[in-house]
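Novice: Quick one: sequence and predicted model below, then my questions.
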Amino acid sequence: MDRMLDYDRGKALDVRIIGTRDQGEYLSSDLTFLAREGTRRAASLLKPAGAGPFPAVLYVHWYEPQACDSNRTQFFEEACDMARTGVMSLLVETMWSDREWFLKRTQEDDLRISVEIVIELRRAMDLLLQQPDIDPSRFAYVGHDFGAMYGVVAGSVDPRPSCYVLMAGTPRFSDWFLYYPSLKGEAREQFMEKMKPLDPIERVGSLVPVPILFQFGKDDPHVPVDRGEAFSNAAISPETHWYDAGHGLNPVARSDRMAWLATKLNVQEG
C-alpha cells in the first residue's frame, strides 16, 4: 500500500504566480502548481518580510459544503497573523474544495482518490519547502476534517513535518465515506476492510517522535467523543484538547492552536 503513496519527486511543480500583494509585514501570493499529472491546484503563499530562515506551516482545510470557507481561505486570516510573527504558510486547494465533490465521488473510487490526495499533499510539502529562506526543521502540518485525516496518511510515509495540529478528524475513512452512498451487510464490511490500510487510526502511531495536537469539539455530530478519543489514543503521547464547540471548533481553539504552533516552531516574539 505504501508504494502506492509514492511519487516522482523529480517531477517539476510548474509553479505559476497569479499575483502578489505586498502587505508590509508579509507578501501574499496566489499561484497554481502541478499537484499530480494532469491536475493543477490553486494555493496561497504568505511569506514574512525580512530575512529568514522562516518556520513553515502547511494548512489544509475542512469539508463543509454549507460553509463559505470550505476551501483554502479557511485559514487565511490565521496565516496572516502567523506571517506577522515570522511564519511562512501555504494554503492549498484540494479535491473537496468542490462543494459537490462528496456527492460526485463513488465508493469504487474512494481508495484511488485517497491515494491521489496524499500525493497532492506531499507535492504541496515540496512546494512549501522549496521556498527560499525556509527552515525545513520547523515545519508544521495543520489540517481540519479531511485535511487532518489525509495529513496523517501523508505523514506516515513522509517524515518532513516536525509537528501536527489535527482538527476534528475521524479515525476511519469509512466514518465519512459510508454516509453516502449507504452500504449494508457484506458490501459495507468489504468497503471498510478495503480502506483500513489507509485509515488514520492505523497510521497515526507512526508519526513519532514529532509533537501532535488534537483538537475536537464536544458537540461534533460527525466526530463523537468515543471516535475522537480512539483517534488520539492511537497516537504516541499527543496533546488533546476538547472544546465547547461543534465540527467547526471555535476561536478558543484557534488561539490555542496558534500559541502551540509558536512554541513548537520556536517563533521569536518581536
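Specialist: Arrived safely, thanks for sending. Numbering: from 1, shown residues only.
Novice: Give the next helix or strand downstream of the biggest helix by length in the chain.
Specialist: In the chain, assigned by DSSP state H, the helix with the most residues is helix 110-129. Proceeding C-terminally, helix 110-129 gives way to strand 134-144 as the next helix or strand, assigned by DSSP states H and E.
Novice: Could I get the CA-only coordinates of the helix or strand just after that following strand as PDB?
Specialist: Downstream of strand 134-144, the first helix or strand assigned by DSSP H and E is helix 146-157. The C-alpha trace of helix 146-157 is given here as PDB (Å, rounded to 0.1, in the frame of the first residue of the first chain):
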ATOM      1  CA  PHE A 146     -10.300  15.500   5.800                       C
ATOM      2  CA  GLY A 147      -7.300  17.800   6.000                       C
ATOM      3  CA  ALA A 148      -6.400  16.200   9.300                       C
ATOM      4  CA  MET A 149      -7.100  12.600   8.200                       C
ATOM      5  CA  TYR A 150      -5.100  12.800   4.900                       C
ATOM      6  CA  GLY A 151      -2.300  14.600   6.700                       C
ATOM      7  CA  VAL A 152      -1.800  11.600   8.900                       C
ATOM      8  CA  VAL A 153      -1.600   9.300   5.900                       C
ATOM      9  CA  ALA A 154       0.800  11.600   4.200                       C
ATOM     10  CA  GLY A 155       2.900  11.900   7.300                       C
ATOM     11  CA  SER A 156       3.100   8.100   7.800                       C
ATOM     12  CA  VAL A 157       5.200   7.900   4.600                       C
END
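Novice: ok, residues contacting helix 146-157?
Specialist: Taking contacts as CB atoms under 8 Å, 6 or more residues apart in numbering, the residues outside helix 146-157 that touch it are 2, 5-6, 59-63, 94, 96, 114, 117-118, 121-122, 125, 141, 143, 161, 164, 166-170, 173, 176, 198, 200, 203-204, 206-207. In short, each C-beta sits where N, CA and C put it, glycine included.
Novice: mind listing what's buried in stretch 220-232?
Specialist: 220, 222-223, 227-228, 231-232 (16 or more other CB atoms under 10 Å).
Novice: Need those residues in JSON lines (columns: distance to residue 213 and secondary structure).
Specialist: Output for the buried residues of stretch 220-232, formatted as JSON lines (distance: CB to CB, whole Å; DSSP: H, G, I helix; E, B strand; the rest coil):
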{"residue": "220", "distance to residue 213": "16", "secondary structure": "coil"}
{"residue": "222", "distance to residue 213": "19", "secondary structure": "coil"}
{"residue": "223", "distance to residue 213": "15", "secondary structure": "coil"}
{"residue": "227", "distance to residue 213": "17", "secondary structure": "helix"}
{"residue": "228", "distance to residue 213": "13", "secondary structure": "helix"}
{"residue": "231", "distance to residue 213": "13", "secondary structure": "helix"}
{"residue": "232", "distance to residue 213": "10", "secondary structure": "helix"}
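Novice: Put together a markdown table for the residues you listed, with pLDDT and distance to residue 249 on each row.
Specialist: What follows is the buried residues of stretch 220-232, written out as a markdown table (pLDDT from 0 to 100; distance: CB to CB, whole Å):
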| residue | pLDDT | distance to residue 249 |
| --- | --- | --- |
| 220 | 97 | 9 |
| 222 | 95 | 12 |
| 223 | 97 | 11 |
| 227 | 97 | 15 |
| 228 | 98 | 12 |
| 231 | 98 | 15 |
| 232 | 98 | 15 |
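Novice: Farthest-apart pair in these, please.
Specialist: When CB to CB is used, the two most widely separated members of the buried residues of stretch 220-232 are 222 and 232, lying 15.7 Å apart.
Novice: what about residue 256, how many neighbours?
Specialist: For residue 256, the neighbour count with other CB atoms under 10 Å is 18.
Novice: In this structure it contacts residue 239, no?
Specialist: No: the pair residue 256 / residue 239 is not scored as a contact, 9.5 Å apart, by CB atoms under 8 Å.
Novice: that older thread, so of the contacts of helix 146-157, which ones are in strands?
Specialist: Judged by DSSP state E, strands contain the following of the contacts of helix 146-157: 59-60, 141, 143, 164, 166-167.
Novice: what about the protein, any weak spots by pLDDT?
Specialist: Residues of the chain that meet the criterion pLDDT under 70 lie in 269-270.
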